[in-house]
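Enquirer: Let's see this in three dimensions:
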Amino acid sequence: MIFFLKSFFFLFVTFLSFRFFVSKSKILQSKFHNNHQQLIGNESIPLIGGLILFVYMLINFSVFNYTLIIFSFFILLLGIVSDINYLSSPKVRLLFQFLIICIFLNFFEYRINDIRIDFMDELFANFYFKFFFTTICILILINGSNFIDGSNGLNLGYFFLVLIILQLLIYNNLVVLDSEIVFTTLVAIFFLLILNIFNYLYLGDSGAYLISFIIGGILIYIHELNPSISPYFIALLLWYPAFENLFSIIRKKVKKINPTNPDTDHLHQLIFKSLNKKNFTNYANQTTSILIILYNAVIFYISTNYITKTNLIVSLIIFNVIIYLFIYFILKKKIK
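Expert: Take a look at the predicted model:
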């Protein structure tokens, strides 16, 4: 409890400091737009979620892997450059993400080692295949995280849920990992989640990149330390941002649109539009996040009983994809 209170006090002071800086410098500000619902007036909202989280990491440096901290800085910096519109090209951002992840994995001693498919696992014996596969997975996660950061509390709430599940598994001795890194990250994300829900801050690209990068690193570490746990359980915990990214690429390719071009056809945006049509205008933003997070909470809780059962976990992932597509196309048809 003392650690929790101290952390909240530090995070609050850090928030006030960055908010003051942003208000004076007029950088890292985001005006309200169609994907967010105003709750607290017309003022600009600071994109400082990532900065607060990174400073908190530095204060708790002994908890985190040093390599993770160092490269978290570079991924945060890339996001900040994007947030202030100094790097507007999605392709260039993607290239820099790829390079940062590659250099990170060169120093980070953990990789994705298998996916429990015999002919594929033979390929994982090759260092370069393993390296490339892990790089692509982190790349998909980072960009998927950014895609789901379009509704207040959705990104932070989703990853908060992932950390809650991990903390539960550690508490019940089902996962081998020092709980300090999970709990420390959990406290910071909980604080940011509260502020984000009530429009006091946004993550921006910097925050969305950083949070997914940290959690991706933690989950790869868990995969390495717990070979009995199905790698698909890790995939299940990250299925939503990952599938949001992959599905976005597919549907844009089908429409012959550049996959890097932004649009307003992500699932959370369709739910938001649907709720607005049903006169939920004042609560559509938060309600969208709550619905998606509650669904995933049920799926994740069920999965905790089968973390070593690959077939069952794969079935849950397939079920999630079917539900996603079913809801997506129904909403798409109704909104038209």
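Enquirer: where does this protein have low pLDDT?
Expert: For the chain, the stretches flagged by pLDDT under 70 are 31-43, 281, 336.
Enquirer: all helices for it, in order.
Expert: For the chain, the helices defined by DSSP state H cover 2-25, 49-59, 66-83, 90-107, 118-123, 127-147, 154-171, 179-197, 204-225, 231-237, 239-254, 267-277, 284-303, 310-335.
Enquirer: got a markdown table for those, with mean neighbour count too?
Expert: C-beta here means a position set from N, CA and C on the backbone, and glycine is covered the same way. Shown next, in a markdown table, are the helices of the chain (neighbours: other C-beta atoms under 10 Å):
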| stretch | mean neighbour count |
| --- | --- |
| helix 2-25 | 14 |
| helix 49-59 | 22 |
| helix 66-83 | 20 |
| helix 90-107 | 16 |
| helix 118-123 | 10 |
| helix 127-147 | 19 |
| helix 154-171 | 22 |
| helix 179-197 | 21 |
| helix 204-225 | 24 |
| helix 231-237 | 22 |
| helix 239-254 | 18 |
| helix 267-277 | 20 |
| helix 284-303 | 18 |
| helix 310-335 | 14 |
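Enquirer: From Thr14, how far out is the residue lying closest to Ser82 once chain neighbours are set aside?
Expert: Of all residues beyond its chain neighbours, the one nearest Ser82 is Asp205 (4.2 Å), with distances taken as C-beta to C-beta, 6 or more residues apart in numbering. Distance, Asp205 to Thr14, by C-beta to C-beta, to the nearest Å: 20 Å.
Enquirer: I'd assumed Val298 was in contact with Leu161.
Expert: No: taking contacts as C-beta atoms under 8 Å, Leu161 lies outside contact range of Val298: 10.6 Å.
Enquirer: Format the helices of the chain as TSV; extra columns: distance to Thr260.
Expert: Output for those, formatted as TSV (distance: least, C-beta to C-beta, whole Å):
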stretch	distance to Thr260
helix 2-25	28
helix 49-59	21
helix 66-83	13
helix 90-107	4
helix 118-123	28
helix 127-147	10
helix 154-171	20
helix 179-197	26
helix 204-225	14
helix 231-237	24
helix 239-254	9
helix 267-277	17
helix 284-303	24
helix 310-335	21
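Enquirer: what's Lys26 sitting at in phi/psi?
Expert: Per-residue torsions, Lys26: phi 60, psi 20 (degrees, to the nearest 10).
Enquirer: To clarify, my last question referred to Thr304.
Expert: Note on Thr304: backbone dihedrals following degrees, to the nearest 10 are phi -60, psi -20.
Enquirer: From Ser289, how far off is Leu316?
Expert: Counting by C-beta to C-beta - Leu316 and Ser289 are separated by 21 Å.
Enquirer: measure Met120 to Leu161 for me?
Expert: 29 Å.
Enquirer: try Leu168
Expert: The gap separating Leu168 from Leu161 is 11 Å, by C-beta to C-beta.
Enquirer: Phe247 now?
Expert: In terms of C-beta to C-beta, Phe247 sits 20 Å off from Leu161.
Enquirer: same check, this time on Phe107
Expert: Distance, Phe107 to Leu161, by C-beta to C-beta: 30 Å.
Enquirer: is it true that Phe159 touches Ile189?
Expert: Yes: with contact defined as C-beta under 8 Å, Phe159 counts as touching Ile189 (6.0 Å).
Enquirer: Mind listing the shared neighbours of those two?
Expert: Common contact partners of Phe159 and Ile189 (C-beta atoms under 8 Å, 6 or more residues apart in numbering): Ile211.
Enquirer: Now do the phi/psi pair for Leu177.
Expert: The phi/psi pair for Leu177 (degrees, to the nearest 10) reads phi -170, psi 140.
Enquirer: Provide a list of residues in contact with Ile327.
Expert: For Ile327, counting by C-beta under 8 Å, 6+ apart, the contacting residues are 267, 271.
Enquirer: Sorry, wrong one. I was asking about Asn305.
Expert: Applying C-beta under 8 Å, 6+ apart to Asn305 gives no contacts.
Enquirer: ok, now how distant is it from Tyr295?
Expert: For Asn305, the distance to Tyr295 equals 18 Å [C-beta to C-beta].
Enquirer: which residues touch stretch 104-122?
Expert: Contact with stretch 104-122 is made by 65, 67-68, 70-71, 74, 124, 130-131, 133-135, 137-138, 217, 220-221, 223-224, 227, 230-232, 310, as judged by C-beta under 8 Å, 6+ apart.
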